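Q: Quick one, fold the following:
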Amino acid sequence: MAAQMKPAHGAMTFAEMKEFAGFSAATQRYIRRSLDIGLDRLDAVKRWSRDIGEAASIRAQSRIYTRLDYLRDHVPDDSGLDAVEPFMAPLVTMTAFDLGQDRLPTFGSYRFLYERLIGATVRPWLPGAFCAAAALPHLHPDKRRLLLQSISEAAATAPGWSNREPSFFPEWVDKGEPRVAN
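A: From the prediction side, this is the model:
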C-alpha cells in the first residue's frame, strides 16, 4: 500500500525534464557543461569550448569544482553551527563563480544544477548559499537584484526539503553519434 502513495519514478523524471526544458538554451548548455565537469563525465574543454575565452572559463570552473568531493562528503546533517562554516564557505565560493558566469539567471536553475552536482542532501543549504553569493560585490548591482528577486519566499523559508535524489541528468548528445543504452 505504501508504494501506491509514492509518485511514480517516471512522473518525477518527466517533471525534472520539463523543468530543464523551461530554461533558456544558454542555461541548458551551461548546466550540461557544468555536469560534465562536476561529474567528470567527459573532456569539457574539448566538448564545450568554442573559443579560447570559453576554454579558460572551463579550466577555471574545473579548478573551482575540485571542491565538489569535499562538499559531497561534508553536507551538514543539521543546522549545528560548528558544521556550517566549513561547508558553506566553499559552497558560497563555488556558487559565486557559477553566478558570475551569467548563465544561471534564477534560483531555480541554480538549484537544478547543484542538486545534481552535490545531491539531494544539499537542498536545505542552497537558499542560503545562493543568497550569500548573489549579494557579493563581484556581481553588478542589477544582476544582484535580479538573482535575489528570483528566489521565492517559499524556497527561502521552506520548513522541509525532499530527500529524493534527482533522476534526470541532462547530457549533451552528439547528433552524429548513435546512443547505446547500457
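
Q: Only C-alpha atoms from now on, for both contacts and neighbour counts.
A: Noted.

Q: list the contacts for Ala21?
A: Gln28 (C-alpha atoms under 8 Å, 6 or more residues apart in numbering).

Q: measure it to Phe168 for me?
A: Separation of Ala21 from Phe168 (C-alpha to C-alpha, to the nearest Å): 12 Å.

Q: tally of neighbours for Arg29?
A: Neighbours of Arg29 under the rule other C-alpha atoms under 10 Å: 17.

Q: Now do the same for it: helix, strand or coil?
A: For Arg29, the secondary structure call by DSSP: H, G, I helix; E, B strand; the rest coil comes out as helix.

Q: where do the helices sit along this structure?
A: 2-5, 9-21, 25-38, 44-48, 52-64, 68-73, 81-100, 107-118, 126-134, 141-149, 153-156 (DSSP state H).

Q: What mean pLDDT does the first one get?
A: If I follow you right, that is helix 2-5. Mean pLDDT, computed over helix 2-5, is 48.

Q: quick one: contacts for Tyr110?
A: Leu104, Phe130.

Q: and the gap between it and Gly100?
A: Relative to Gly100, and taking C-alpha to C-alpha, Tyr110 is found at 12 Å.

Q: before we move on, what about Asp51?
A: As for Asp51, its distance to Gly100 is 19 Å (criterion: C-alpha to C-alpha).

Q: quick one, which of the two is more surrounded?
A: Gly100 (18 against 9).

Q: The more buried one contacts Leu139, correct?
A: Yes - under the criterion of C-alpha atoms under 8 Å, Gly100 makes contact with Leu139 at 6.4 Å.

Q: Report the set of residues contacting both of those two.
A: Common neighbours of Gly100 and Leu139, counting by C-alpha under 8 Å, 6+ apart, are absent.

Q: among the helices of the chain, which is nearest Asn163?
A: Taking C-alpha to C-alpha, helix 107-118 is the member of the helices of the chain nearest to Asn163, at 10.4 Å.

Q: For that closest one, list the C-alpha coordinates in PDB.
A: Extracted in PDB, the C-alpha atoms of helix 107-118 (Å, rounded to 0.1, in the frame of the first residue of the first chain):
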ATOM      1  CA  PHE A 107      17.500  30.300  -8.100                       C
ATOM      2  CA  GLY A 108      15.600  27.500 -10.000                       C
ATOM      3  CA  SER A 109      18.400  27.000 -12.500                       C
ATOM      4  CA  TYR A 110      21.000  27.100  -9.700                       C
ATOM      5  CA  ARG A 111      19.100  24.600  -7.600                       C
ATOM      6  CA  PHE A 112      18.600  22.300 -10.600                       C
ATOM      7  CA  LEU A 113      22.400  22.200 -11.200                       C
ATOM      8  CA  TYR A 114      23.500  21.900  -7.600                       C
ATOM      9  CA  GLU A 115      21.100  19.200  -6.600                       C
ATOM     10  CA  ARG A 116      22.800  17.100  -9.400                       C
ATOM     11  CA  LEU A 117      26.300  18.200  -8.600                       C
ATOM     12  CA  ILE A 118      26.100  17.500  -4.800                       C
END
